[in-house]
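K.L.:
using only what follows, build the 3D model:
(chains A and B)
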Amino acid sequence: MTPDLPEITPNKELIRVGEGVIDFDVVVVGGGNAALCAAIRAAETGASVALFERAPKDYRGGNSRHTRNFRCMHRDPKGVLTGSYDEDEFYDDLLKVTKGNTDEDLARLAIRESESCYDWMLGQGCFFQESLSGTLSLSRTNAFFLGGGKALVNAYYNRLEAQNVSIFYQATVLDVVIRDRRFDGVLVDLNGEQKYVRSRAIVLASGGFEADKDWLARAWGDAAKNFLIRGTPYNTGEVLKRVLETGADQIGDPTQCHAVAIDGRAPEYDGGIVTRVDCVPFSIVVNQAGHRFYDEGEDVWPKRYAIWGRLVAKQPGQVAYAIIDSKSKDLFMPTVFSATVTDSLDEMAVQLGLSRDQFLATVNEFNTGCGRGEFFPTELDGLETKGVQPAKTNWARPIDTPPFYGYELRPGVTFTYLGFRVGPDAKVSFGGLPSDNVWAAGEIMAGSILGEGYLAGFGMTIGTAFGRIAGKEAGAHARSSAG
Amino acid sequence: MQDQVLDEAKRQLAVCNACRYCEGFCSAFKAMTRYRAFDTETVIHMSNLCHNCQACYHSCQYTVPHEFELNLPSALANVRVESWESHVPFPVLSKLFQSSPLVSLVSVVVVSILFWLVAGIPWLAADTFYDLISHSVLVLIFGPLFLAPLLILFVGLGRYWKTVNGERITRQQLADAFRAAANLKNLDGGAGQGCNYEKDDRYSQSRRWAHQATMYGFLLCFASTSIATVMHYGFGLVAPYPLMSLPKLFGVTGGILLTLGTSKLIYLKTKANPLLEASSRRGSDYGFVTLLWFVSTSGLLLYWAGGTTIAGTLLILHLASIACLFVSIPFSKMVHGFFRITALIREAQLQRT
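P.N.:
Below is the predicted model:
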C-alpha cells in the first residue's frame, strides 16, 4: 500500500491551556502486541485505560500483524511446543545472535517471563498451532499463533473490548508532555480533532521508526529511498523522537535497522512474510553490473537472510538478482511473485537488465569453479567453488540446466534498534533515574535487550513480557495515585 | 468454468502459499502445502474442501485495503459453485435454482397446485394421509422424482471425480472423510474454537451446531422415510404409525432438529458478511435453507394437525415442498454436501499417499 499519512501540525495551545478534555488512569500509545498486552494488564488492575492506535482498524496491530510466533521458555513439552527449552539455552541463543550486545538481567527477565506467557495468552483468547510446514526447526523453541499475528491481535482487541478499554483508531499522538521525569498528558489527533488527554500513567508501545525513510537516510544516505519496509507504514517514530527530546535515556544504535533481502517487487510497505525469497543458498547472486559480491552458501538461509539486506543495500541501485537453474527450483518455499523464467542465460541478462557480457562471464567462471561432490540442500554440504572470487562455500552447483529462474532482491527493513532504556519494571529512565510514571514496551525499548541481530520470535517475547509488566505497573501506579 | 474466477483463486492461493500462517485452520490449507503452483484441478479440489469457516480471512494480513486484496473464502466459494454447475448435467437448471430464492418458493406453489389437481379437493373428510393421496400415487410421483435427480447428481459426482483425478476408494479413506463430516471437523477452527461467521473476527460454534442439527435432522427424516418404506412393503405395516414406532421417533426428532437447525442457519446468515461467500448465491442459499425449513416445519405441523381441516392443505404443501427439494438436489445448494464429502474422500487419498 502507499501510506497516506496526513501532515498534522500540533496545536500546542491545547497543552498550554492544559485542557484535559479526556481523563484516564492509563494511556497506552500504540496498537500492537506490546501495547495490547499492557492495556489488558492495566485494565485488570481496575484502571480506566485508553489505547491510541494510529492506524485505522483495518491496519491495527502494527508489525505484530505480520508476526507468526513467539519464542517461549519451557521445561517440558507444552501445548504445541516440543521437548524443553530452558533459560540458559534460550539466553545462549540470544548471546549468539547479539554477539553479547544485550543486557543480561533484562534478557533473562524476558526469557523467564515467556514461560508464563503461553498460558496467559491462551487465557486472552489466543490459540496456537503446530509449527508451520518448513519451520520444523522452530517446533521446540517457538509457539506459532493459529492464523498468525493478526489473529493474535484480533483476540487481544476483543479482550480489550470485553474489559471496556477505550480504543481509539486513527489516533495520532502528536506530543507527549513529560516534565522532570513526570508525565502529564498527550496531545492526540483523534480522527482530525486534537485533544489533550491527561492520565496518571503512560505506556509507550508505539514501535520503531523504520517507516520514516528520511530518518533511515541519515545512516544510509539516498540508498534508503530504495528500501522496502516490510511492516506497517505507521511506525514513523514520532513518539520515540518526542520522548527522547524530553530527556529519556536512549539505547541502541540510532542509525541501524534490521534489514533482510526480499523480493524486489514487494509493496513499498506492509509486504510482510510473503515477500521472502529463500533461494539464495542455491543461487548465484549478482548486481546490475553482473558481478557476484558475496558467498551465497555461507550458511543455511535462516542464519544468513538478515545479512543479505545489508549486502544488497550496498549494491548500485540497492538491487541484486538471484539466479538458479531448474535443478534447484523446488528446494525452497514458494514465492509470491513468479520468477523470471528464460531458456538461456543470455535472455536472463536481457530480461533482468543485467550487464550481459559480465553476467555471462560471471556465470561461466562460477560454473567452471564448481567442484564435484554430493549435494545436500538441507545441511551444509561443503560443496564449494575453487578459484572463484568470492567463493561459494556450500551448495555450489553449476547454473547450467535451463530453464533458468531469476528473482530481483531488495533490502526489506524489519525494525529499528533505537529506543528507551528501561529497568526491570519497564519504567523508562531519564538521566539514569527511573521516571515517575512512564513505562515502555515492545520495539520502542527492545534495543535494551537486542543490541544487534535478531532471534526469531524474540520480538514478540519482549513485547509480551514487558507489555505485561508495564501494564500491570502502570495500572497499579495509577490506582494508588488516584488515592 | 470462468477463467477469471479460477485465475483469481490461483492468484490468491499463490500469496497464501508463500505465507501459510493459516495452515492450522483446516484441510484446505493443509492441502495447499503439497503444491508449489496451483493447476485448475487442484483449485477445484481445494474449493470443495473449503468449508467457508472464514477464519483465514479474519487472520489475513493481506485483506483489503492491502493491495494483495485477499479474500480466500470468497474466491474459493466462487470456484466451488461454478464447479458444481460445470460438473452436474443440465447446468441451465443449476443456474435457475441458484438464481433467486423465489425459484424454490414458486416451485413449491406450482407443485402444490399440481398435487391438488391430482388429489382432488383435499379438505374432504380424511382420516389418514392415504385417503388424500393413495400410497401408490405417492410412490409413482416420488419414485422418479427421487431417483432421477439422484442419477443426475451421481453423473455429476462421477465427472467431478475424474476432474480431481480420483482413485479407487478404500474403506480407510471413507472412514476419514465421513469422520470429518460427522463432526464437521473443518468448522472447528483447528483448535476447537469454532469458526468466524456471525460475530466478525470472534470465533463461535453456532454455525457448526446449526449445520449439524440440520444435517442430522435431515438424515433422521430420511431414515424415517426409508424405514417406513420397508415396513410398508416388507411387513405390510401401513401408516399412520404410533408415536413409539421407528418412523415416528426418527421423523419427529429429525423434524425438530431440522426446523431448529435451519432456523438458526437463516438467522446466522443474516448476521454474516456477504462479501465472504460466493458473490451471486446469497439469495438462493436463503431459498434453499428456507425450503428445508418448510419441509420439516410443515411435517411437524402435520403431525399436530392430523385430523383437522387444515391437514389436507398442509399435506399438499408438505409433499410439494419435498418434491421440490428432491428435484432440486443436483441443482441447489444441496449439492454442496455431496461434493464436499467427495472432496474429503479425495483429500484422504492425497494425504495418505
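K.L.:
identify the residue spatially nearest to residue B:251, adjacent ones excluded.
P.N.:
Spatial nearest neighbour of residue B:251, excluding adjacent residues (CB to CB, 6 or more residues apart in numbering or on different chains): residue B:224 at 3.6 Å. Placement of C-beta: from N, CA and C, glycine included.
K.L.:
isn't the one you found right up against residue B:250?
P.N.:
Yes - when contacts are counted by CB atoms under 8 Å, residue B:224 is listed as touching residue B:250 (3.7 Å).
K.L.:
out of these two, which sits in the busier spot?
P.N.:
residue B:224 (23 against 20; other CB atoms under 10 Å in any protein chain shown).
K.L.:
show me what contacts the more buried one?
P.N.:
Residue B:224 makes contacts with B:246-251, B:254, as judged by CB atoms under 8 Å, 6 or more residues apart in numbering or on different chains.
K.L.:
repeat the analysis, applying 6 Å as the threshold.
P.N.:
B:247, B:250-251 (CB atoms under 6 Å, 6 or more residues apart in numbering or on different chains).
K.L.:
equivalent analysis for residue B:297, please.
P.N.:
Contacts of residue B:297 (CB under 6 Å, 6+ apart): residue B:259.
K.L.:
would you say it is within a helix?
P.N.:
Yes - judged by DSSP: H, G, I helix; E, B strand; the rest coil, residue B:297 forms part of a helix.
K.L.:
helices or strands up against the strand or helix carrying residue A:25?
P.N.:
Using DSSP states H and E, the element containing residue A:25 is strand A:20-29. Strand A:20-29 makes packing contacts with helix A:33-44, strand A:49-52, strand A:193-204, helix A:458-481 when contacts are defined by 3 or more CB pairs under 6 Å, 6 or more residues apart in numbering or on different chains; DSSP states H and E.
K.L.:
what about the helix or strand following the shortest one, average pLDDT?
P.N.:
Counting by DSSP H and E, the next helix or strand C-terminal to strand A:49-52 is strand A:69-71. Taken as a whole, strand A:69-71 carries a mean pLDDT of 97.
K.L.:
and for strand A:69-71, what's in contact with it?
P.N.:
Outside strand A:69-71, the residues that reach it (CB under 6 Å, 6+ apart) are A:141-144, A:457-458, A:460-461.
K.L.:
ok, residue B:78 touching residue B:7?
P.N.:
No - using CB atoms under 6 Å, residue B:78 makes no contact with residue B:7, being 11.1 Å away.
K.L.:
between the two, point out the one with more neighbours.
P.N.:
A direct count of neighbours by other CB under 10 Å for residue B:78 and residue B:7 places residue B:78 higher, at 24 against 13.
K.L.:
which residues touch residue 317?
P.N.:
Using chain A here. By CB under 6 Å, 6+ apart, the contact set of residue A:317 is residue A:288.
K.L.:
please refer instead to chain B.
P.N.:
B:112, B:298.
K.L.:
circling back: out of the contacts of residue B:224, which is nearest to residue B:173?
P.N.:
residue B:250 (28.6 Å; CB to CB).
K.L.:
contact partners for that closest one?
P.N.:
Contacts of residue B:250 by CB under 6 Å, 6+ apart are B:220, B:223-224.
K.L.:
ok, it to residue B:258 distance?
P.N.:
Applying CB to CB, to the nearest Å, the value for residue B:250 to residue B:258 is 12 Å.
K.L.:
kindly report the same for residue B:230.
P.N.:
22 Å.
K.L.:
higher neighbour count, the two?
P.N.:
Higher neighbour count among residue B:230 and residue B:258: residue B:258, with 26 against 13, using other CB under 10 Å.
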